[in-house]
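S.K.: One predicted model, sequence on top.
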Amino acid sequence: MSELRPRPTGPDALIDALETALGAAALLRDPAEMAPYLADQRGWFTGRAPVVVSPASTAEVSTVLRLASEAGVTVVPQGGNTGLVGGSIPDESGGSIVLSLRRMNRVREVDPVDFTITVEAGCVLAEVQTAAREAGLLFPLSLAAEGSCRIGGNLATNAGGTAVLRYGNTRDLVLGLEVVLADGRIWEGLRRLRKDNTGYKLAQLFVGSEGTLGVITAAVLRLFPMPREVRTALLALRDPRDAGVVLEALRSATGDAVTSFEYMNRASVELALEQVAGNVDPFDRPHDHYLLVELSSARQGAGLLEALESVLAPILEDGGVVDAVLAQSGPQAEALWRIRETIPEAQRLAGAGLKHDVSVPLSRLPELLERGAPAMLAEVPGALVVAFGHFGDGNVHFNLNQPPGMGRAAFMARREAVEHAIYELVAELEGSFGAEHGIGRVKRAYLTRYRPAVEVEAMRRLKRALDPAGILNPGVML
Ligand SMILES: Cc1cc2nc3c(=O)[nH]c(=O)nc-3n(C[C@H](O)[C@H](O)[C@H](O)COP(=O)(O)OP(=O)(O)OC[C@H]3O[C@@H](n4cnc5c(N)ncnc54)[C@H](O)[C@@H]3O)c2cc1C
């Protein structure tokens with residue numbers, strides 16, 4: 001006669017069951033050890049959890065989710081915990097466990113014929129790039145957090161970064177996924193097909209789902225030929241409206257070799273120069289607007305420098321581009337990129353900041369920059385408008401730093417008013433209030449405000465279909 005096994009219910013019984021199934025080494029319970037998993041990068045969220053569990057295989061992830069759903073305990077999936085919207089942090093109730101993917105960090109395969117790499121979700125993004133490079137290939141996803149964010153987190157947030165213009169978002173880089181559903185069932189979708197029209201593209205459903213529909217455990221990603229010629233330039237602009245002219249001319253002159261097209265306003269460059277040691281202004285005087293441009297080609301001797309010079313000459317003459325620095329070496333290019341990449345750190349060092357990760361159609365970006373600054377400043381006079389980001393994607397980080405003489409608390413109390421000012425303008429310009437970082441806990445209210453009711457209802461139905469008991473990431477996105 002088979003013995004009826006009682007199902008664990010509640011966190012304590014779940015922890016016992018997890019320890020039995022995975023071993024004590026997979027569990028963190030000491031508050032000091034758990035602390036880094038319970039707070040976000042910005043210090044906006046600190047949650048509580050009875051345990052952080054780190055499975056080492058897909059089968060173990062399946063066990064965790066099966067046991068958690070049997071116990072009725074909710075689960076917060078976590079990668080590198082670099083997300084900027086609080087999606088990887090449990091709430092303060094202490095009722096959710098954290099499922100960290102950090103131990104699932106194997107590169108399973110690099111295939112130079114299929115141009116694919118198959119990786120586990122806990123691989124750090126920089127390690128994926130390195131594994132591709134060692135095979136002579138390029139994995140093009142690149143962002144300032146690449147030394148600590150993990151590929152499962154990149155997939156779950158559909159991360160963007162600095163090469164979207166050329167290669168697309170993470171969504172465009174994925175061919176197949178392996179996902180564990182809320183009840184512990186494993187979906188084996190690790191197909192490496194570039195063409196596969198057999199029903200709904202389930203993998204894409206999980207991309208950008210922020211841990212609310214399933215736990216991504218592995219992925220097949222697209223690789224590209226390694227660039228052999230790369231040219232980097234910093235341009236000083238008269239007006240953001242001239243950026244569109246430069247982009248169009250560069251794209252047609254180079255056969256679409258424009259990989260990055262990053263905007264920085266004067267305040268953001270000034271912050272990076274003042275706050276971060278080692279940054280040097282490459283120009284002899286300040287300018288109001290800058291573009292960091294990178295061109296790349298897999299063909300050696302593609303003539304990118306000549307193309308850059310011939311495109312810039314007439315625009316320099318008519319004053320659209322006021323000045324230009326063309327990097328003459330790898331280290332010079334790195335120094336230019338460092339200014340761009342250290343802006344978030346500089347902003348943090350300079351005091352409290354309100355951050356808005358917004359996008360509009362590229363043609364309307366100059367209007368957003370022009371009208372957005374006074375709209376935000378009307379709410380906090382004297383604040384510093386720090387605008388930078390992925391101009392070529394129509395995406396700008398349109399941030400505000402605390403003004404001199406205003407306390408942190410008073411400044412942060414203006415958050416909702418400032419968000420209202422900028423998001424209303426973005427909506428008018430047919431844009432998005434969440435271009436890159438997602439919804440998480442921070443932007444939930446805006447989903448229902450700015451997206452059609454039918455769209456939100458369809459999302460809720462999908463959530464209910466895949467996670468009927470609401471086990472995964474409660475309070476995030478929906
Ligand atoms: C300095 C800095 C620069 C950044 N620059 C960019 C940028 O240019 N572009 C950009 O898009 N983002 C950027 N970000 C935001 C962040 O790095 C990205 O969102 C990144 O993709 C998050 O990866 P992560 O592993 O840290 O995920 P986490 O922060 O751990 O998690 C993010 C979300 O994904 C879910 N999740 C994590 N892993 C899984 C999984 N395996 N299965 C299911 N759900 C999962 C979590 O529950 C959470 O909702 C930046 C952040 C920092 C700190």
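M.R.: Structure received. Residues are numbered from 1 along each chain as shown.

S.K.: State the helix or strand in which L234 lies.
M.R.: For L234, the host element (DSSP states H and E) is strand 229-237.

S.K.: what's that strand in contact with?
M.R.: Strand 229-237 is contacted from outside by 243, 246, 259, 282-283, 287-297, 299-302, 304-305, 308, 312, 320-327, 332-333, 336-337, 339, using C-beta atoms under 8 Å, 6 or more residues apart in numbering. (Each C-beta comes from the backbone N, C-alpha and C, glycine too.)

S.K.: near the ligand, which residues of this protein?
M.R.: Taking C-beta under 6 Å from any ligand atom as the measure of proximity, the chain contacts the ligand at 41, 76-84, 87-88, 101, 121, 143-145, 149-150, 152-154, 156-157, 159-161, 210-211, 215-216, 344, 436-437, 440, 473, 476.

S.K.: what's the nearest residue to the spatially most central residue of the chain if we skip its chain neighbours?
M.R.: In the chain, the centroid-proximal residue (C-alpha atoms, centre = their mean) is A159; its distance is 3.4 Å. Computed as C-beta to C-beta, 6 or more residues apart in numbering, the closest residue to A159 that is not its neighbour in sequence is T170, at 4.9 Å.

S.K.: Let me see the contact set for the residue nearest to the centre of the chain.
M.R.: Contacts for A159 (C-beta under 8 Å, 6+ apart) come out as L141, L143, C149, G153, N169, T170, E436.

S.K.: what mean pLDDT does the helix or strand encompassing the fourth one have?
M.R.: In other words, G153. Assigned by DSSP H and E, G153 belongs to helix 151-157. The pLDDT scores in helix 151-157 average 98.

S.K.: Report the separation between the residue nearest to S432 when sequence neighbours are not counted and the ligand.
M.R.: Once flanking residues are discounted, S432 sits nearest to S359: 4.8 Å by C-beta to C-beta, 6+ apart. From S359 across to the ligand, the span is 11 Å (C-beta to the nearest ligand atom, to the nearest Å).

S.K.: Now for S359, how many residues are close by?
M.R.: By the criterion of other C-beta atoms under 10 Å, S359 has 23 neighbours.

S.K.: how about the residue in the chain positioned nearest to the ligand, what does it touch?
M.R.: Per C-beta to the nearest ligand atom, G153 is where the chain lies closest to the ligand, at 2.1 Å. By C-beta under 8 Å, 6+ apart, G153 lies in contact with Q78, G79, G80, N81, T82, G83, S88, A159.

S.K.: Pull up the per-residue confidence for the closest residue to H356 other than its chain neighbours.
M.R.: Leaving aside its sequence neighbours, H356 sits nearest to F398 (C-beta to C-beta, 6+ apart; 4.6 Å). F398 is assigned a predicted lDDT (pLDDT) of 97.

S.K.: Just to check, F398 is in contact with A387?
M.R.: Yes - using C-beta atoms under 8 Å, F398 makes contact with A387 at a distance of 5.2 Å.

S.K.: Provide the backbone phi and psi angles at the residue nearest to the centre of the chain.
M.R.: phi -60, psi 150 (degrees, to the nearest 10).

S.K.: any idea how far it lies from V454?
M.R.: As judged by C-beta to C-beta, to the nearest Å, A159 and V454 stand 27 Å apart.

S.K.: before we move on, what about R103?
M.R.: 41 Å.

S.K.: Counting neighbours, go ahead and name the busier of the two.
M.R.: R103 (16 against 8).

S.K.: Would you confirm that that one contacts T58?
M.R.: No - with contact defined as C-beta under 8 Å, R103 and T58 do not form a contacting pair (11.7 Å).

S.K.: related to what we said a few turns ago, and the contacts of strand 229-237, which are buried?
M.R.: Among the contacts of strand 229-237, those scoring as buried are 243, 246, 259, 282, 287, 289-297, 302, 304, 308, 312, 320-322, 324-327, 333, 336-337, 339 (criterion: 16 or more other C-beta atoms under 10 Å).

S.K.: contacting residues around the residue lying closest to P36 once chain neighbours are set aside?
M.R.: Spatially, and ignoring its direct neighbours in sequence, P36 is nearest to N81 (7.2 Å; C-beta to C-beta, 6+ apart). For N81, the contacting residues are P36, Y37, D40, Q41, S88, I89, S148, G153, by C-beta under 8 Å, 6+ apart.

S.K.: and N81, which of the three is it?
M.R.: Under the three-state scheme (DSSP: H, G, I helix; E, B strand; the rest coil), N81 adopts coil.

S.K.: same thing with T198?
M.R.: Using three-state DSSP, the structure places T198 in coil.

S.K.: Walking through the stretch 101-250 of the chain, point out its strands one by one.
M.R.: For the stretch 101-250 of the chain, applying DSSP state E, counting those that start in this stretch gives strands covering 107-111, 116-120, 137-138, 174-180, 186-189, 215-222, 224-225, 229-237.

S.K.: cool, the stretch 301-450 of the chain as well?
M.R.: Secondary structure of the stretch 301-450 of the chain by DSSP E, counting those that start in this stretch: the strands cover 321-326, 353-354, 357-359, 384-390, 395-401.

S.K.: List the contacts of the shortest one.
M.R.: The list of residues contacting strand 353-354 from outside it, by C-beta under 8 Å, 6+ apart, reads Q347, V386, N399, L400, N401, Q402, F411, M412, R414, R415, V418, E419.

S.K.: And those, which of them are buried?
M.R.: Listed as buried from the contacts of strand 353-354 are Q347, V386, N399, L400, N401, Q402, F411, R414, V418, E419; burial here means 16+ other C-beta under 10 Å.

S.K.: Quickly note the distance from the fifth one to E270.
M.R.: Remark: distance between N401 and E270 (C-beta to C-beta) = 11 Å.

S.K.: List the contacts of stretch 265-274.
M.R.: 279-281, 286-290, 339-340, 342-343, 346-347, 350, 369, 384-388, 401.
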